[in-house]
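Q: Okay, predicted coordinates and the sequence, questions at the end:
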Amino acid sequence: MSKTIFTFASNEGGIHGAGAAKTAYEKYGARWGKSYGHYGDSFAIPTKNELIETIADITRIQGYIAGFIAYAKGHRKMIFQVTRIGCGLAGFTDAQIAPMFIGSPKNCHFDEKWRQYLGDGYNYWGTHNE
C-alpha cells in the first residue's frame, strides 16, 4: 500500500497559515518553520519568501520543483498528491507553474486543472482550492 503525500505551496519562513499550507499543517503533518521538503504526510514547495511575498524570481521556484521531482523519483512507493502549487495565494497562473512539473514520475498525481498543460501521460486526482 502506497503512502499519499500532500504536496503544497509554502513560504520560505515555513509559516503555514493559509490556503493549502494551512491544510497541510492541520491535517498532513507539515511542520511550522519548515519551508521545504517532506514532513509527516506532506511535502512543502516554497512559492513565497520569508516575508510572505511572492518569490519574484520564478527560476528559484523552478529549482525547488526540480528538487521535489528528484525526491519523488527516489521515493516511488509514495504517491505525491500535488496541489496547484503557487496558483492560489502566490498569484501565479497554471500556465506558468504546471509545465515545471513535466518529467515528473508516475507517482506524482496532479490537480485535474493541470491536465491541459501536462497532457494525458500523467495521473490526476481532482482539485484542491486554495
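A: Yep, that arrived.
Q: Show me which helix runs longest in this structure.
A: Longest helix in the chain by number of residues (criterion: DSSP state H): helix 58-74.
Q: what's that one packed up against?
A: Under the contact criterion of 3 or more CB pairs under 8 Å, 6 or more residues apart in numbering; DSSP states H and E, helix 58-74 touches strand 42-48, strand 78-82, helix 94-97. Quick note: C-beta positions are derived from backbone N, CA and C, even for glycine.
Q: now it and strand 42-48, what's the angle there?
A: Between helix 58-74 and strand 42-48, the angle comes out at 170 degrees (axes from the mean of the first three to the mean of the last three CA atoms, to 10 degrees).
Q: Leu89: what's it in contact with?
A: The contact partners of Leu89, by CB atoms under 8 Å, 6 or more residues apart in numbering, come to 9, 18-19, 48, 130.
Q: so which of those residues comes closest to Lys77?
A: Ala9 (24.1 Å; CB to CB).
Q: so where is the chain shaky, pLDDT-wise?
A: 1, 128-130 (pLDDT under 70).
Q: so Asp41 touches Lys3, yeah?
A: Yes: here Asp41 reaches Lys3: they are 6.9 Å apart, a contact under CB atoms under 8 Å.
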